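Asker: Pasting the sequence and the predicted model now:
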Amino acid sequence: MEPDIEVHAAIEVHPATPDRFDDLAAILGPRDPDAPACWCLSYRVPGGELSSLSGAERPARLRRFAEEGTPPGVIAYVGGAPAGWCSVSPRSSHHRLTRSRTIPSIDDVPVWSVVCLVVRPGFRRQGLGHALLAGAIDFARSRRAPMLEAYPIESGEPRISTALAYVGTTSLFEAAGFERVVKTSSKSGGRERWLMRLPLDAEAAPELPRAGRG
């Protein structure tokens, strides 16, 4: 089992190993188990495969990533209750990202990608996003990832729906030490998305220019 990552006295973050997938279902699962919810697969598997999976089949497909190799993300617990999810794993494990024209690869560094953050209703506005991201950073570092990459929307008003803000905001990632590298042509909720990076291994990570906000 992966080592536990404690972020705060009341919040613990653990890798999403197979034995924790019932907890992950409490976060990602829709009320109707047959509904075709994303289950954080839209970036990971080809579109044709995703379309062919019924709603009930999708949890098992995500679980296979943990069973076959690296856990696909981390789960946050508040007082022992599953409260949030952060998808973090090698960019190479994301079929859609490796072929993306709107979020292109900028070099050959084997980066890990943060593509989704979800906090359950009832646990929001408690700083859980920051704790999840801190846990994701620690997990990636424990797996010797040289660099973390994220693709958040530009922070600001008006606020957009939680469903569209799953990619995170630039202010959230900047607070964790990420820096803007390049503005992408991808959007979420009509907002521009930035490619941001956080070096985890100084020897493996190249020096990158800092991007302006314009």
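Answerer: Thanks, I have the structure now. No experiment lies behind these values; they were computed from the predicted model shown.
Asker: and Gly122, how many residues sit next to it?
Answerer: When neighbours are counted by other Cβ atoms under 10 Å, Gly122 registers 9. Heads up, the C-betas are built off the backbone N, CA and C, glycines and all.
Asker: gap between it and Ser54?
Answerer: Computed as Cβ to Cβ, to the nearest Å, the Gly122 to Ser54 distance reads 28 Å.
Asker: Strands of the protein, residue ranges please.
Answerer: 5-6, 11-15, 73-78, 81-90, 112-119, 147-150, 179-188, 191-199 (DSSP state E).
Asker: Need the CA coordinates for stretch 27-42. PDB is fine.
Answerer: In PDB, the C-alpha atoms belonging to stretch 27-42 read as follows (Å, rounded to 0.1, in the frame of the first residue of the first chain):
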ATOM      1  CA  ILE A  27     -16.700  11.500  -4.300                       C
ATOM      2  CA  LEU A  28     -17.000  10.800  -8.100                       C
ATOM      3  CA  GLY A  29     -20.000   8.500  -8.300                       C
ATOM      4  CA  PRO A  30     -23.300  10.000  -9.600                       C
ATOM      5  CA  ARG A  31     -26.600   9.300  -7.800                       C
ATOM      6  CA  ASP A  32     -27.600   7.000 -10.600                       C
ATOM      7  CA  PRO A  33     -24.800   4.500 -10.900                       C
ATOM      8  CA  ASP A  34     -25.800   3.900 -14.500                       C
ATOM      9  CA  ALA A  35     -25.300   7.500 -15.500                       C
ATOM     10  CA  PRO A  36     -22.400   8.100 -17.900                       C
ATOM     11  CA  ALA A  37     -20.300  10.200 -15.400                       C
ATOM     12  CA  CYS A  38     -16.800  11.100 -16.400                       C
ATOM     13  CA  TRP A  39     -15.000   9.200 -13.600                       C
ATOM     14  CA  CYS A  40     -11.900  11.100 -14.500                       C
ATOM     15  CA  LEU A  41     -11.500   9.100 -17.700                       C
ATOM     16  CA  SER A  42     -12.000  11.800 -20.400                       C
END
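Asker: Good, we can wrap up now.
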